[in-house]
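Asks: Pasting a predicted model and its sequence here:
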Amino acid sequence: MRLNPSCINNCLLGLSSNVTKSNVTKSDVQGAYSCSVGYLDIWKAEKNSDYYSLELKQI
């Protein structure tokens, strides 16, 4: 099944993803296709031990 590019607005990266640098840019993560079709936000999960929860930081 192929989705319309306008349906995908967010990309969530989990705790175990290979993106570990703190200074990761959006272009490091997204591919050429998603760059060319428009709007895409990329979020990286971070562990919050104080509240036993995950927080998402926008890249």
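Replies: Received the coordinates, thanks. Numbers count the residues shown, from 1 in each chain.
Asks: Tell me the secondary structure of D28, please.
Replies: helix (DSSP: H, G, I helix; E, B strand; the rest coil).
Asks: if I look at it, how far off is S49?
Replies: 27 Å (Cβ to Cβ, to the nearest Å). Bear in mind the C-beta positions are built from the backbone N, C-alpha and C, glycine included.
Asks: Repeat that for K57.
Replies: Using Cβ to Cβ, K57 is found at 15 Å from S49.
Asks: Of the two, which one has the most company?
Replies: K57 (11 against 6; other Cβ atoms under 10 Å).
Asks: Give me the pLDDT value at the more buried one.
Replies: The per-residue pLDDT reported for K57 equals 87.
Asks: And for R2?
Replies: R2 is given a pLDDT of 67.
Asks: Let me see the contact set for the closest residue to L12 other than its chain neighbours.
Replies: Using Cβ to Cβ, 6 or more residues apart in numbering and skipping the chain neighbours, the partner closest in space to L12 is W43 (5.1 Å). Applying Cβ atoms under 8 Å, 6 or more residues apart in numbering to W43 gives the contacts 10-13, 56-59.
Asks: Quickly list what W43 is bridged to.
Replies: L12, Q58 (DSSP bridges).
Asks: Give me the pLDDT for it.
Replies: 86.
Asks: before we move on, back to that, got the contacts of W43 as JSON lines, with distance to V24 columns?
Replies: Formatted as JSON lines, the contacts of W43 follow (distance: Cβ to Cβ, whole Å):
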{"residue": "N10", "distance to V24": "16"}
{"residue": "C11", "distance to V24": "12"}
{"residue": "L12", "distance to V24": "14"}
{"residue": "L13", "distance to V24": "9"}
{"residue": "L56", "distance to V24": "14"}
{"residue": "K57", "distance to V24": "10"}
{"residue": "Q58", "distance to V24": "11"}
{"residue": "I59", "distance to V24": "6"}
